[in-house]
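**Q** model the structure of this input:
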Amino acid sequence: MALRLVKTCSIVRVSVCNLLKTTPVFQVSSYPSSSQFKSSISIDKIYPDSKSVQLSQPEQLESGFNGFIPIKDVEISYSSNNVGEDTSTSTKVDIRFHVESASWLPSLVKSKILENLGSDLTRDGWLVAKSDRTRSRTLNQADALEKLRTNIREALEHSESPFTALDVEKARKERLKAARERLHIKIVHQ
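**A** Numbers count the residues shown, from 1 in each chain. Just a heads-up that it's a prediction; the model follows:
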C-alpha cells in the first residue's frame, strides 16, 4: 500500500516537472489588448470573407431621416440609479444632442424637430433621451438611441389631431350624460 502511494506521488511529481518544461500553447504579443490566440468560433473562421467587407455610413436623405445616429456626435453620460451605487457599475444612460449643430441631420429635419418637439427640447435646444429600463448599460444605451430615433421620426410624421375641439367637447358631454343615466338607474333600482 505504501509502495503504491509513493509511485503515485512520483508520477505526479514527474508530470508537474514536465508541465513546467513545456512551451506555452499561445503567446501574448507586446500589445496589451491583442493576442495570437484565435478561437475555433472566432468571427474570422465563421465568416472568412468578413475582412473584405467595408462598413460605411448610410446615405443621408435630404428630405428625411434614415435612422442613423452617429455615436461620436451625441453626448452620452452614465449615472447610477441608486445613491450608494458605484459609478463604475452605473447603468442609467442619458443621450443628448444639440439640434441646431447636428451636422448629420438635414436642415428640413432640424426645422421639423424644432417645430414639433419644442416642448421636449431643453432651453438650450438639446434633444434628450434617457433610459434605465435594464441593468445593462449597453441595453439602456440602445434603448435611449431608439427613443431618439422615435422622437425624430414622430417629429417628421407629425400630423394634426383627427378630432377638432368641438368633437372632443361633444364626446365629453356624451360621457357625462351616460354617467348620469347609469347613476339614475342605480338609484331607482335600490
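**Q** what's the helix of greatest length in the chain in contact with?
**A** Identified as the longest helix of the chain according to DSSP state H is helix 165-189. Contact partners of helix 165-189, identified using CB atoms under 8 Å, 6 or more residues apart in numbering, comprise Phe163. To be clear about C-beta, it is placed using only N, CA and C from the backbone, and glycine gets the same treatment.
**Q** next: stretch 107-116.
**A** The contact list for stretch 107-116 (CB under 8 Å, 6+ apart) reads 62-65, 99-100, 102, 105, 121, 125, 127, 151-152, 154-156, 158.
**Q** can you pull out the strands in this protein?
**A** 75-79, 92-98, 126-131 (DSSP state E).
**Q** which among the ones you listed is found nearest to Tyr47?
**A** strand 75-79 (29.1 Å; CB to CB).
**Q** what packs against that closest one?
**A** Packing partners of strand 75-79 (3 or more CB pairs under 8 Å, 6 or more residues apart in numbering; DSSP states H and E): strand 92-98.
**Q** if we can go back for a sec, dump the strands of the chain to JSON lines, plus mean neighbour count.
**A** Converted to JSON lines, the strands of the chain look like this (neighbours: other CB atoms under 10 Å):
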{"stretch": "strand 75-79", "mean neighbour count": "13"}
{"stretch": "strand 92-98", "mean neighbour count": "19"}
{"stretch": "strand 126-131", "mean neighbour count": "18"}
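**Q** so how far is Ser131 from the residue positioned nearest the centre of the chain?
**A** With distances taken as CA atoms, centre = their mean, Ala142 lies nearest the centre of the chain, 1.0 Å away. Between Ala142 and Ser131 the computed distance is 8 Å (CB to CB, to the nearest Å).
**Q** check Arg180 too.
**A** Taking CB to CB, one finds Arg180 at 44 Å from Ser131.
**Q** over to Arg182?
**A** Per CB to CB, Arg182 is found 42 Å from Ser131.
**Q** got the contact list for Ile101?
**A** Careful, residue 101 is Ser and not Ile. Taking CB under 8 Å, 6+ apart as the test, Ser101 contacts no residue whatsoever.
**Q** can you give me the helices in this protein?
**A** For the chain, the helices defined by DSSP H cover 2-21, 43-46, 107-116, 137-156, 165-189.
**Q** and those as JSON lines, adding distance to Thr91?
**A** As requested, these are exported to JSON lines (distance: least, CB to CB, whole Å):
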{"stretch": "helix 2-21", "distance to Thr91": "43"}
{"stretch": "helix 43-46", "distance to Thr91": "27"}
{"stretch": "helix 107-116", "distance to Thr91": "28"}
{"stretch": "helix 137-156", "distance to Thr91": "5"}
{"stretch": "helix 165-189", "distance to Thr91": "41"}
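**Q** the strands of the chain: which one's closest to Lys147?
**A** Comparing the strands of the chain under CB to CB, the one sitting nearest is strand 126-131, at 3.9 Å.
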